[in-house]
Structure formats: structure tokens, C-alpha cells
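J.: the following block contains a protein sequence and its predicted model.
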Amino acid sequence: MQTRWDDTRIAVRTMILDGNGLVRAVAAGKRRGAPSIWRRVEIRPVDLAAGRRLQIVRYDERQAHTSNYDIDSAPSAVDELLDQGFGNWHVETLTETLQVRITKKGDALTHRSAHVEPLVQIANEHDRVKQRLFDVSHPDVRAFLTAVGVADREGQIKPTRRDKYRQVEEFVRLLDTAIEDAVAAGSLAPATVENPWRVVDLGCGHAYLTVGAYVWLSRIRGIPVRVHGVDVRADSLLRNEALAQTLGWAAGLTFEAATITESTAAGADVVIALHACDTATDDALARAVTWRAPVILVAPCCQHDLQVQVKKSAPEPYGLIARHGLLRERFIDILTDSVRMSILRIVGYRVDAVEFVNGEHTPRNLMVRAVRTDASPTRTDLAEYDEMTAQWNVKPALAQRLAGELHRIRSKSIPS
């Protein structure tokens, strides 16, 4: 259907500002002759301690910028985005989806479709409403969650396993967003039967999230995909293979007993490494960069590498922090992940850090999300990294594993 963009933007605005109905909205692409500061924008409602907010994530070529808006400030923020020169809008509510493509003449080609069934809503412990992507009423979701003991035979989430269910739910949400961003960036080609996406989980453990990724991509979204889990423990291999066989998904869901560096995986479109201890996270990141993986999702854990290097000394004026063990540990954890993100940015990824699961469930709740854009680093990027590592006198494990790649980049002409 073709309409005037000025008329259609009213409908888009109304759907986005519907705090009880909006699931998410995405703006991407550029209209010819229409300037835009951002290359992509994602909008969704979030429930914070202060109440419901409209979260807007704005992406440039290098990083994501996240802001939350209350009911008073949200309208002007949305109007500012609608004034940008985006060529495509995708808005999804609980009851319908609106897709808009804006032509160079300013016309809007729209497609509006109602959901066969409204998206499921589940009240959480604070009586707030969340939209669930990983709906237990879906037969494959139910089969998976029942098989791993998260749901009972009636398909109800067990009270003692709600944290695990929330973890899987939030993971597929973050995975879905990262994949869409990589497709929009052009680094991830659409999956086909002949060329399915390759998802590799390095350090998969009991594979809750490995199988969750497979269920979400293959069974729910219908995307051709091959998911491969790697874990050093032989008992995990046997357990995970038995699970895939039981569910009937062994053709697209495989496992291997190996270290991250010794895995037989030859490449990946999506690399996952969740709670891989200490420098195992660096091993996973290094393999992902070497594979030029379009999407990387890592949740670091047990970060001892820089903790050992910094020891009890710290550059001024950080001595006060290093003097107290707990503060020092937490600060060096942040330093470790900041350095990792800096390196990923230097080698051509857009990187952001997001909360993986609520901090009340686990202190290891940070996820580093990276999408390959192949953007060249600036001199400022390199200078910031060099100054940080020199000031703290550290040699990050990831930098050592990617020494050749970093040397190659530094030998090139770097823009200011």
C-alpha cells in the first residue's frame, strides 16, 4: 500500500509511544538526499526500578548509544528520530506489525499485518508486564524446556527454575537484536538452505543457551542454521548429544569435546561464549575475530589475567581502589572488559556492553555484544588503548592472541 510518509509517520509514532502495546521498533537504511546521524535505531519498552521507560539504542559506525526516556521526554525523542532520513521502519506491537519503506520521492510503501494470536504477556514478580519471545506455548520451546527440567510436563515453568528461563529468554532477545544488526550492516548475509548460518558456542557447558539459540533461530524463526557446541568436558558432550537426539534435532545441533583453541570448528557467523573462565573468553574472542564472525556475544567470567598483572599496585590516582580487595577486583574486571572492547573496536567491530541477566541473580551479568562493520580504527582509538595499557602496565591476553592482526592494522594509514 502506498501513502504519504507524513501521514504514515503519525501511525508509526502512535505505535511506538504505546507503552503497553509496543514490542519493538527498528529504523535503518537511508533515503537518498535525506541526512541521518545514525545508521540504525532500535526502540523497545523496558521496566526499570523507576518505572517503565522507552529505551532507544542509536548506532553509528563504531558503537551503540543507549538512552531511556520517561513518558514526558519520549515523544520529543521519537519525533527527532522520525525526522531523520531513515529509509525503513519496522514496528511490532502485541497485535500487529507495520513495515514501512520510504521512497526517494517521500512516499511510504507500507505493509500492515495482524498477528494470528497476540504476543504472550506474562506478569513478573513486580506485577509489570513483559513481552515473551520464548513462549512456552510453542511446542518446540515446551519440548526443550521440559527436557532440561525448566518446565514441568504441563508446560509450566517450575518456580525454582524461573531464573534459568529468564536467562534463556533474555539471551535469545539479545541474539536476535545482534543478528538483525549484522544483517543490516551487511556483514551477515541472509541464511539459505545451501548456506545456513553457523552458530558456534565456545564453552557451552550444559548447553541451555546453545539449544535455546537453535530453538529460536531454527524452530521459531525458521532460519536455516547449524549450531555447534564446544566444551572440554566429555560428560557434557554425552549429555548434550543425548538431548539433541531426544528432541530430534541432531542434524542441526551438534557438539564436540575440546578446548576452545583445539575445536574443529572451521568458522562461524555467530560466536557465543558465555561465562568462559578467565582467558578462555579471550580464546573465544580471538577465534571469532580470526573467523571474521559477523556476530560475537560473550559474557566474561572469573577474570584473573589482569588481576594478576596489576597485583597490589596501581597508577595514581587509583591506588585507593587497589588498596581494597573487593573494589580492586571489581575495578579490574571492568578494566579487562574495557580493554577487550577497545581491541574489538580496533579490529573492525561495533561494540557495546549490555546487562545479560539481572544483577540480583548473578554478579557476572555483563554481556559484550559485537557486530562486524569493518570500520577502520581512528588514531584516537589506538591512542586510548595504548594509554590505558601503558598506564596500568598490562599486556592483555586478547592483544597477545591477536598480535599479528593488530600489527597489520597499525601498519596501515590510520585516519585521525
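T.: On my side now, so go ahead. Numbering: from 1, shown residues only.

J.: does residue 34 touch residue 85 like I think?
T.: Yes: using C-beta atoms under 8 Å, residue 34 is in contact with residue 85, at 2.7 Å. For glycine as for every other residue, the C-beta is placed from the backbone atoms N, C-alpha and C.

J.: ranges for the strands of the stretch 151-300 of the chain?
T.: 197-202, 225-231, 253-257, 270-277, 295-301 (DSSP state E, counting those that start in this stretch).

J.: mean neighbour count for those - can I get that in TSV?
T.: Formatted as TSV, these follow (neighbours: other C-beta atoms under 10 Å):
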stretch	mean neighbour count
strand 197-202	26
strand 225-231	25
strand 253-257	21
strand 270-277	23
strand 295-301	25
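
J.: out of these, which comes closest to residue 4?
T.: When these are compared by C-beta to C-beta, strand 295-301 sits nearest residue 4, at 36.7 Å.

J.: any low-confidence regions in the stretch 251-400 of the chain?
T.: 311-313, 357-364 (pLDDT under 70).

J.: now the lengthiest helix in the chain - C-alpha only, CSV.
T.: Identified as the longest helix of the chain according to DSSP state H is helix 162-185. C-alpha atoms of helix 162-185 as CSV (Å, rounded to 0.1, in the frame of the first residue of the first chain):
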residue,chain,number,x,y,z
ARG,A,162,12.4,-19.2,36.7
ASP,A,163,15.9,-17.6,36.7
LYS,A,164,17.1,-20.1,34.1
TYR,A,165,14.0,-19.4,31.9
ARG,A,166,14.6,-15.6,32.2
GLN,A,167,18.2,-16.2,31.2
VAL,A,168,17.3,-18.1,28.0
GLU,A,169,14.6,-15.6,27.2
GLU,A,170,16.9,-12.6,27.6
PHE,A,171,19.7,-14.4,25.7
VAL,A,172,17.5,-15.0,22.6
ARG,A,173,16.4,-11.4,22.7
LEU,A,174,20.0,-10.1,22.6
LEU,A,175,20.9,-12.7,20.0
ASP,A,176,18.1,-11.7,17.8
THR,A,177,19.0,-8.0,18.0
ALA,A,178,22.6,-8.6,17.2
ILE,A,179,21.9,-10.8,14.2
GLU,A,180,19.5,-8.2,12.8
ASP,A,181,22.1,-5.5,13.2
ALA,A,182,24.7,-7.6,11.5
VAL,A,183,22.3,-8.2,8.5
ALA,A,184,21.7,-4.5,8.4
ALA,A,185,25.4,-3.8,8.5
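
J.: to the chain's geometric centre, what's the distance from stretch 172-188?
T.: Chain-centre distance of stretch 172-188: 8 Å, with C-alpha atoms, centre = their mean, to the nearest Å.

J.: can you give me the helices for this structure?
T.: 5-16, 74-82, 139-147, 162-185, 208-214, 234-247, 280-290, 305-310, 319-322, 325-346, 379-392, 397-401, 403-410.

J.: want to throw those into TSV with distance to residue 266 and mean neighbour count?
T.: Formatted as TSV, those follow (distance: least, C-beta to C-beta, whole Å; neighbours: other C-beta atoms under 10 Å):
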stretch	distance to residue 266	mean neighbour count
helix 5-16	42	17
helix 74-82	41	16
helix 139-147	27	19
helix 162-185	19	20
helix 208-214	18	25
helix 234-247	19	16
helix 280-290	10	24
helix 305-310	27	17
helix 319-322	42	14
helix 325-346	21	18
helix 379-392	30	14
helix 397-401	18	20
helix 403-410	18	13
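
J.: and of those helices, who's closest to residue 100?
T.: Of all the helices of the chain, helix 5-16 comes closest under C-beta to C-beta, at 5.8 Å.

J.: for the closest one, packing partners?
T.: strand 22-30, helix 74-82, strand 86-93, strand 96-102, strand 107-114 (3 or more C-beta pairs under 8 Å, 6 or more residues apart in numbering; DSSP states H and E).

J.: other residues contacting it?
T.: Helix 5-16 is contacted by residues 21-22, 25, 43, 54, 75, 78-79, 82, 89, 91, 93, 98, 100, 102, 106-108, 110 when judged by C-beta atoms under 8 Å, 6 or more residues apart in numbering.

J.: closest to residue 198 out of the helices and strands packed on helix 5-16?
T.: Per C-beta to C-beta, nearest to residue 198 of those: strand 22-30, 24.0 Å.

J.: what strands flank the closest one, and is each parallel or antiparallel?
T.: strand 40-48 (antiparallel), strand 86-93 (antiparallel) (DSSP bridges).

J.: before we move on, the earlier item: now tabulate the strands of the stretch 151-300 of the chain in a markdown table and tack on distance to residue 343.
T.: Converted to a markdown table, those look like this (distance: least, C-beta to C-beta, whole Å):
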| stretch | distance to residue 343 |
| --- | --- |
| strand 197-202 | 17 |
| strand 225-231 | 22 |
| strand 253-257 | 27 |
| strand 270-277 | 15 |
| strand 295-301 | 12 |
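
J.: nearest to residue 339, of these?
T.: Of the strands of the stretch 151-300 of the chain, nearest to residue 339 by C-beta to C-beta is strand 295-301, at 11.3 Å.

J.: so what are the sheet partners of the closest one and their directions?
T.: strand 270-277 (parallel), strand 366-372 (antiparallel).

J.: now render the ones you listed as JSON lines, adding distance to residue 414.
T.: Shown next, in JSON lines, are the strands paired with strand 295-301 (distance: least, C-beta to C-beta, whole Å):
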{"stretch": "strand 270-277", "distance to residue 414": "26"}
{"stretch": "strand 366-372", "distance to residue 414": "19"}
